[in-house]
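A.B. asks: return a 3D structure for these sequence lines:
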Amino acid sequence: MTLGTDALQRLREGNRRFVSELQGVGTSTGETRRRELVAGQEPFAIVLGCSDSRVPAEIVFDQGLGDLFVIRVAGNIVAPSQVGSVEFAAERFGTRLVVVLGHSMCGAIEATLEELERPTERRSPNLRSIVDRIRPAVEGLLEAGLGHDREALAHHAVRANIRASVDHLRHGSEILERLIRKDGLLVVGAEYSLETGVVDFLDDTAHA
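C.D. replies: Here you go, the predicted structure:
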């Protein structure tokens with residue numbers, strides 16, 4: 001079983017390879033690896049990321065088949081099905097690192113900000129359910145007066161939403177709370193930059 005801190009280091013190193021365009025170094029995606037995984041999997045990290053097509057976790061962390069247990073949903077929100085998926089992997093496979101991976105220029109964040117600024121009744125109820133989960137994390141930013149600087153607002157909103165999802169996973173599941181307390185499970189937040197390709201692990205969560 002890979003320790004959470006060791007798994008975090010593997011992701012950092014993988015992202016550095018990705019940014020340096022050295023992808024594939026030590027990454028296995030061939031037939032031999034595929035056959036090895038038929039009998040089972042032992043992912044070293046769980047990634048709860050956004051569905052955005054520009055942020056595929058396996059690629060931005062330069063990992064191969066069987067390395068990551070990836071859950072993707074618009075806005076990297078945490079709903080019961082996402083919590084259950086994290087619980088499943090952490091218990092079944094002994095994975096000791098969970099990363100909530102948000103990204104710059106997130107469409108779900110933008111949709112939430114638009115809804116807060118100009119509410120509409122025409123939005124799909126399914127999309128509204130995503131917006132409603134993001135809303136508590138970002139509405140305080142508007143109240144704090146950040147609305148006059150749209151770029152800064154979007155940046156802070158992305159990070160606030162990441163931290164909210166991290167907090168939900170840390171404190172919204174008895175199973176995960178036990179694994180954090182007794183078995184060294186790490187739950188951390190990170191932001192991927194569409195512009196640079198760099199994943200920034202948020203300081204206040206990377207040492208949790």
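A.B. asks: ok, and the closest non-adjacent residue to Asp183?
C.D. replies: Distances taken as C-beta to C-beta, 6 or more residues apart in numbering place Arg96 nearest to Asp183, at 6.9 Å, with adjacent residues excluded. Using the backbone N, CA and C atoms, a C-beta is placed for each residue, glycine as well.
A.B. asks: typo on my end, it should be Thr2
C.D. replies: Closest residue to Thr2 apart from its sequence neighbours, by C-beta to C-beta, 6+ apart: Phe44 at 4.3 Å.
A.B. asks: wait, the one you found touches Gly4, no?
C.D. replies: No. Using C-beta atoms under 8 Å, Phe44 makes no contact with Gly4, being 9.5 Å away.
A.B. asks: give me the common contacts of these two.
C.D. replies: Contact with both Phe44 and Gly4 is made by residues Leu97, according to C-beta atoms under 8 Å, 6 or more residues apart in numbering.
A.B. asks: now do the contacts for the residue nearest to Asp183.
C.D. replies: Contact analysis of Arg96 by C-beta under 8 Å, 6+ apart lists 1-4, 7, 90, 179, 183-186.
A.B. asks: if we use 10 Å, what do you get?
C.D. replies: 1-8, 44-46, 90, 179-180, 183-186 (C-beta atoms under 10 Å, 6 or more residues apart in numbering).
A.B. asks: in strands, which of those appear?
C.D. replies: Secondary structure from DSSP state E places 45-46, 186 of the contacts of Arg96 in strands.
A.B. asks: of these, which is the nearest to Ser28?
C.D. replies: Ranked by distance to Ser28 (C-beta to C-beta), those are led by Ala45 at 15.7 Å.
A.B. asks: and the closest one, what pLDDT?
C.D. replies: Looking at Ala45, its pLDDT stands at 98.
A.B. asks: and if you look at Gly26?
C.D. replies: 57.
A.B. asks: now the helices for the chain?
C.D. replies: 4-19, 31-36, 57-60, 80-93, 107-117, 125-143, 150-171, 174-183, 203-206 (DSSP state H).
A.B. asks: of these, which approaches Ala74 most closely?
C.D. replies: Closest of these to Ala74 is helix 107-117, at 4.6 Å (criterion: C-beta to C-beta).
A.B. asks: what does the closest one contact?
C.D. replies: 50-52, 73-77, 102-103, 106, 120, 123, 127-128, 130-139, 141-143, 147, 150, 153-162.
A.B. asks: switch the cut-off to 8 Å
C.D. replies: Contacts to helix 107-117, defined as C-beta under 8 Å, 6+ apart, come from residues 50, 52, 74-75, 77, 123, 127-128, 130-131, 134-135, 138-139, 142, 147, 153-154, 157-158, 161.
A.B. asks: buried subset of these?
C.D. replies: For the contacts of helix 107-117, a neighbour count by 16 or more other C-beta atoms under 10 Å gives the buried set as 50, 52, 74-75, 77, 130-131, 134, 138-139, 153-154, 157-158, 161.
A.B. asks: tell me the least confident of these?
C.D. replies: For the buried ones among the contacts of helix 107-117, the pLDDT minimum is Glu139, 86.
A.B. asks: residues in contact with that residue?
C.D. replies: Neighbour list for Glu139: Leu116 [criterion: C-beta under 8 Å, 6+ apart].
A.B. asks: 10 Å - rerun?
C.D. replies: By C-beta under 10 Å, 6+ apart, Glu139 lies in contact with 112-113, 115-116, 157, 160.
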